[in-house]
Every structure is written in C-alpha cells, then in structure tokens.
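Engineer: below are the sequence and a predicted model for it; my questions follow.
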Amino acid sequence: MNFVIIFGPQAVGKMTVGQHLAAKTNFKLFHNHMSIDFVSQFFDYGTPSGKHLVSLVRREIFEEVSQSDLEGLIFTYVWAFDLQADWDYIEQISKLFESRGGTVYFVELEADLEERMKRNKTENRLEHKPSKRNVEKSETDLITTHEKYRLNSLPGEITKPNYIRINNTGIEPEVVADMIKDRFHF
C-alpha cells in the first residue's frame, strides 16, 4: 500500500495534482474536502460536531484502506506547521499505514499567494468543493489562514525519506503529477 500525502496551503493545487496522479497510477484520491463537504451538509466544519464527524469519516476510510488490497491512496491536507496537533495528526495517520506494511510518501506543494488567489476560483476547484463556491468567503479564509499559520515547511524541517517539495506556481498539474510519479517510481 502506497499512502501519498499531498500537503500545502489552500488553493495550491493539491486536489488537482492528486487527480492527475490518480489518473496516472492505480491510486485512489481522497481529497480533504470529500469529508468536509459531506459533513457540512449537516454541521459546519468549524463546530465541534462537524470536526468530530470529519475526523471520524477520515479515520474509518484510513482504517479500511490501510487493510485493503488497494495499490495506493492519495490524501490531501492543509498542514499548519506551527500547530503541534497537525504534526501529531500526520504522524498518527502515517503510523497507521506503516503498521500495516504501507509506505508513506510526503509531497509538499507551494505557490505564491497571487497564484493561489487565481486558483481559488478555478472551475475544477468549484466543481469538486461545494464549500468553496462562495468565493468571497473562500478568499477571506485563504488570506486569513495565510496570515495566521505557516503552511509550508522550513528548509530541512521535514526529514522523512520519501519527501519531495515542489513550487508549482508556474507548472501544470499534470507535469507536477509526472514529477511525483517519477520521483517515487509509481
């Protein structure tokens, strides 16, 4: 089992790159908004009930997939490097897959804020992430989160053996997927 975590700030292209990587491999894509947007039909993600249910959905998917005969799973995540809880979460899900013989791959994407503001409005993003269709709210959230948290790692901060960092500001998502596929020999 290959478990690929694609992380970076909002609208950096995690889901879109994940879609292309899934198309080039036999991996399944579980982008973070699949759980968030499902649960938000009942509870806002910011509420205790919303957070609990999103966590529960993700945990159950990871449990089942990590025990399955699937070739791989791609998961996308906004990792706030200045929050210990995010470090703990990444460690927890990584250990789950590793404990069942899986290999974890870490793919960090970065792009400048101006580019991410453009990507925040793309047709693909709005089609697959209903909660982002209120573009004004989504832009406000993107800027607030950008100012409040550190959403990309510092040089040398991630010491995992299967790690790649890509500044995809001017690179097409299909090319980024090829870079990941080639780097990890998928």
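Structural biologist: Yes, it's here.
Engineer: going by C-alpha atoms from here, please, whenever you check contacts or count neighbours.
Structural biologist: Will do.
Engineer: please name the residues that touch the residue nearest the centre of the chain.
Structural biologist: The centre of the chain sits closest to T76, judged by CA atoms, centre = their mean, with a distance of 1.5 Å. With contacts defined as CA atoms under 8 Å, 6 or more residues apart in numbering, T76 is in contact with I5, I6, F7, K14, M15, G18, F30, H31, N32.
Engineer: the fifth one touches K28, doesn't it?
Structural biologist: No. Judged on CA atoms under 8 Å, M15 makes no contact with K28 at a distance of 11.8 Å.
Engineer: the two - which one has more neighbours?
Structural biologist: Higher neighbour count among M15 and K28: M15, with 26 against 20, using other CA atoms under 10 Å.
Engineer: in which helix or strand does that one reside?
Structural biologist: Here M15, judged by DSSP states H and E, is contained in helix 14-24.
Engineer: in that helix, what's buried?
Structural biologist: K14, M15, T16, V17, G18, Q19, H20, L21, A22 (16 or more other CA atoms under 10 Å).
Engineer: kindly report the same for stretch 141-151.
Structural biologist: Buried, per 16+ other CA under 10 Å, within stretch 141-151: L142, R150, L151.
Engineer: now, which of those residues lie within helices?
Structural biologist: Those of those mapping onto helices are L142, per DSSP state H.
Engineer: quick one: low-confidence parts of this structure?
Structural biologist: 124-126, 130-131 (pLDDT under 70).
Engineer: where do the helices of it begin and end?
Structural biologist: 14-24, 32-39, 48-66, 84-99, 113-119, 123-128, 135-148, 173-184.
Engineer: highest average neighbour count across these?
Structural biologist: With neighbours defined as mean count of other CA atoms under 10 Å, the helices of the chain peak in mean count at helix 14-24, which reaches a mean of 21.
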